[in-house]
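S.K.: any chance you can model this:
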Amino acid sequence: MSPAAVSEYELKAAYLYNFALFTTWPQDRMEEKDAPLVFCVFAQDEQAASIAGLQTRKIRDRGILVRQIEMPEDGRGCHVLFFGAKSTEAIPGILEIVRDTGTLTVTDVPDPIRKEAVISMAIENGRLAFDVNLLNARRARLILSSKLLKLARIAN
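M.R.: Modelled structure (predicted):
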């Protein structure tokens, strides 16, 4: 597939995979060695479909399970939670449920909601850029690799 043929949603899914690849979760979230990493998606169908394509990949010998969530309580048990502009009214409830649970939260929703995520993505000048909120990462007990942080804009 040529770079021109990659959609915005496919590009964001690839970034999401790499964000997870360069994240270390708290020990209590990774106790079962064979359990998959759970990627939860609260986004429009086309975006969710691109992220669902990650189920064929692995991260550190763990499979990836992608779940589309509809209700805030469905966010429990997620290692990675991506929320798009599906329903911005529900996002604060989802974030409240996963706060401090060792969940990597990622969004492409504009301010002010994006400030609540660990990582926020945006298309700027035709390129995908991302911000990392270190305070939110610490609060979630996540360790983000220096390789990831080198490419990020740091926001707090």
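S.K.: how about the helices in the protein?
M.R.: With DSSP state H as the criterion, the chain has helices at 8-21, 45-52, 91-98, 134-139, 146-151.
S.K.: the second one to helix 8-21, inter-axis angle?
M.R.: Spelled out, that is helix 45-52. Helix 45-52 runs at 40 degrees relative to helix 8-21, counting by axes from the mean of the first three to the mean of the last three Cα atoms, to 10 degrees.
S.K.: show me what contacts the closest residue to residue 90 other than its chain neighbours?
M.R.: Closest residue to residue 90 apart from its sequence neighbours, by Cβ to Cβ, 6 or more residues apart in numbering: residue 72 at 6.1 Å. For the C-beta atoms, the positions are set from N, CA and C on the backbone; glycine is no exception. Neighbouring residues of residue 72 by Cβ atoms under 8 Å, 6 or more residues apart in numbering: 90, 93, 94, 96, 97.
S.K.: so which of those residues is the most crowded?
M.R.: Taking other Cβ atoms under 10 Å as the neighbour criterion, residue 94 ranks highest of those with 25 neighbours.
S.K.: and the gap between that one and residue 19?
M.R.: 18 Å (Cβ to Cβ, to the nearest Å).
S.K.: buried ones in stretch 13-31, by neighbour count?
M.R.: 13, 14, 15, 16, 17, 18, 19, 20, 22, 23, 25, 29 (16 or more other Cβ atoms under 10 Å).
S.K.: so which of those comes closest to residue 37?
M.R.: residue 20 (6.3 Å; Cβ to Cβ).
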